[in-house]
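*Asks:* make a model of this:
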Amino acid sequence: MKFNVTAQQSGSLARTGVIETPHGAVTTPVFMPVGTAGIVKTLAPWEMEELGADIILGNTYHLHLRPGEKIIAKLGSLQKWSAWNKPILTDSGGYQAYSLGETRGQAARTSDEGVNFSSHIDGKKLFFTPENVLDIQASLGSDIAMVLDDCPPIEATKERVALAVQRTGDWAKRSIDYWQKEGMGESGRAIFGIIQGGVHEDLRKVSTQQIQDLPFDGIAVGGVAIESEGKDKINKAVEFVAQDLDLRRPHYLMGVGEPIDLIRMVNQGIDMFDCVIPTRFARHGSFWVKENFARRSIALAEYVTDNQPLDPDCACRICQTFSRSYLRHLFMNKEMFALRALSYHNLHVLLSLMTDIRASIVDQTFLKRYGSYLD
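*Replies:* Modelled structure (predicted):
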């Protein structure tokens, strides 16, 4: 993988760049729609291309459980299988192993060797290690693979977070050794390491040093996509490491996708984002408007006779075609198209925002255009 910075905003860490992958180039800053089970929920691959997506994310945990990476490998790759012929990043599945195991009353158990967990589907006992999650991702054929990291629960003590930092560093070393031994990067595929440390500045800096000392192609910041922590603590966790991130490698903030958060984190030098909330919000009837990026509910009674589009300032196909009244009618009647329409619109808001941000960095107007959101 190659990464080149193409522009830098004066007075900010915001920058544009290009990531070269086996399935094409990705321009950054970039938002990656999440295709958990091999597709972005409710939307077709050609709709993602129409929206301007350069790259999507696949979930190792879910694809490992169903249909299994061997089936996908037999059918060519995740790209060929899903008819998405552009880049794909796959996460390690570690976060889902921790979080979804508890849905069957079987909390994941982490040791120095890996993560023991139960399938949320049938309770089957499973085990993820730094090595086998890379094997799974290699079988999936993703362009960018994420390492397994230790994700302690939000209520964890500082001592537990410190153990997670140590374990994440050890697993990162095992991952790099295995990646190189198996020649997994020879086809141009990339591997990213993950910084942990919770909301503790000293632990974040220790983790940053550990991960950046290894020859990862990119650096991710993990453990910040936790709503209960609050925006201020999330911002602080990134600020702790922003100045220390290696400028030669892309920076990926995992699981963050509110429009204003994207603006703030681009200002901190983040190049890549992913999150499920554009489509998750849509399934609950929520949509964004561009004015202050406010979130509204299509179920509001005031929309019964509202002939305006979701957002009068939006150029997406949904806003150019349908009224709030019509979409509310569909949503209240549980018509599937309402969820598709809101998902399409929400992703358009984020992807067009990233396009505008890139243009503003190139012409040096990022701080002027988005400065009001940085306070």
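*Asks:* quick one: average pLDDT of stretch 128-140?
*Replies:* For stretch 128-140, the mean pLDDT works out to 98.
*Asks:* strand partners of the helix or strand harbouring residue 273, parallel vs antiparallel please.
*Replies:* For residue 273, the host element (DSSP states H and E) is strand 272-275. Partners of strand 272-275 in the sheet, by DSSP bridges, are strand 30-35 (parallel), strand 251-253 (parallel).
*Asks:* and the first one, how far out from the chain middle?
*Replies:* To tie it back to what came earlier, the one meant is strand 30-35. Its chain's C-alpha centre and that of strand 30-35 lie 6 Å apart, by Cα atoms, centre = their mean, to the nearest Å.
*Asks:* pairing partners for residue 30 in the sheet, please.
*Replies:* Using DSSP bridges, the beta-bridge partners of residue 30 come out as residue 272.
*Asks:* how about the contacts made by it?
*Replies:* For residue 30, the contacting residues are 54, 55, 271, 272, 273, 354, by Cβ atoms under 8 Å, 6 or more residues apart in numbering. In short, each C-beta sits where N, CA and C put it, glycine included.
*Asks:* can you report how many residues neighbour residue 294?
*Replies:* Residues near residue 294, counting by other Cβ atoms under 10 Å, number 11.
*Asks:* gap between the closest residue to it other than its chain neighbours and residue 169?
*Replies:* Computed as Cβ to Cβ, 6 or more residues apart in numbering, the closest residue to residue 294 that is not its neighbour in sequence is residue 288, at 7.1 Å. Remark: distance between residue 288 and residue 169 (Cβ to Cβ, to the nearest Å) = 38 Å.
*Asks:* neighbour count: the two, which is higher?
*Replies:* More crowded of residue 288 and residue 169, by other Cβ under 10 Å: residue 288, with 26 against 22.
*Asks:* now the more buried one. Its backbone dihedrals?
*Replies:* phi -100, psi 150 (degrees, to the nearest 10).
*Asks:* surely it meets residue 347?
*Replies:* No. Counting by Cβ atoms under 8 Å, residue 288 does not reach residue 347; the two are 10.1 Å apart.
*Asks:* tell me the centre residue of this protein?
*Replies:* Residue closest to the average C-alpha location in the chain (Cα atoms, centre = their mean): residue 274, at 2.0 Å.
*Asks:* which non-adjacent residue is nearest it?
*Replies:* Closest residue to residue 274 apart from its sequence neighbours, by Cβ to Cβ, 6+ apart: residue 32 at 4.2 Å.
*Asks:* any idea how far that neighbour is from residue 26?
*Replies:* With the distance defined as Cβ to Cβ, residue 32 ends up 9 Å from residue 26.
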